[in-house]
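Colleague: How does the following fold in three dimensions:
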Amino acid sequence: MHAKNDMIKRIWQGWAKPENADAYEDLVRRDVFPAIADEAGTGFLGAELFRLNLDNEVEFMTVMSFDAIDTIKRLAGEDVTLAYVPDKARTLLSHWDERARHFKLQVEYKT
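Modeller: Numbering: from 1, shown residues only. Down below sits the predicted model:
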């Protein structure tokens, strides 16, 4: 167990109708995450997409890892809480969080 005091996790959620969920997931994998990596540049440490199938919609959560808030500013601008939702993603999502949340990673445990 050790502290990772230099890592920031950016967490955001969006929701899609079931008929759009697979297309959104494919878009994120193929276009959105690579575009984020290009735009944020050095200091972008990776991203994960989580999916939860609900009764009438599909909830997605992204967790992106950055080395510093300045790296996030290259992606989101001065107001780092603003959501990054490309136009193509907006056509597939029914609604989304307008703001992302940022957590400083304090402890990471791996076996």
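Colleague: This protein: helices as residue ranges?
Modeller: 18-27, 33-40, 69-76, 87-92 (DSSP state H).
Colleague: Just name the most buried of those.
Modeller: Highest mean neighbour count among the helices of the chain (mean count of other C-beta atoms under 10 Å): helix 69-76, with a mean of 17. All C-beta spots, glycine's among them, are computed from the backbone N, C-alpha and C.
Colleague: which residues are in contact with it?
Modeller: Taking contacts as C-beta atoms under 8 Å, 6 or more residues apart in numbering, the residues outside helix 69-76 that touch it are 8, 10, 36, 39-44, 66, 80, 82, 84, 100, 102.
Colleague: what's the spacing between the worst-scoring helix or strand of the chain on mean pLDDT and its chain's center?
Modeller: None of the helices or strands of the chain scores lower by mean pLDDT, DSSP states H and E than helix 69-76, at a mean of 91. Its chain's C-alpha centre and that of helix 69-76 lie 13 Å apart, by C-alpha atoms, centre = their mean, to the nearest Å.
Colleague: for stretch 84-94, same thing?
Modeller: For stretch 84-94, the distance to the chain centre is 13 Å (C-alpha atoms, centre = their mean).
Colleague: So, low pLDDT: which residues of this structure?
Modeller: 1-5 (pLDDT under 70).
Colleague: centroid residue for this protein?
Modeller: The residue lying closest to the centre of the chain (C-alpha atoms, centre = their mean) is residue 62, at 3.4 Å.
Colleague: list the contacts for that one?
Modeller: 10-14, 28, 47-50.
Colleague: Give me the buried entries from these.
Modeller: Among the contacts of residue 62, the ones that count as buried by 16 or more other C-beta atoms under 10 Å are 10, 12-14, 28, 47.
Colleague: What's the local residue count around residue 45?
Modeller: Using other C-beta atoms under 10 Å, residue 45 has 16 other residues around it.
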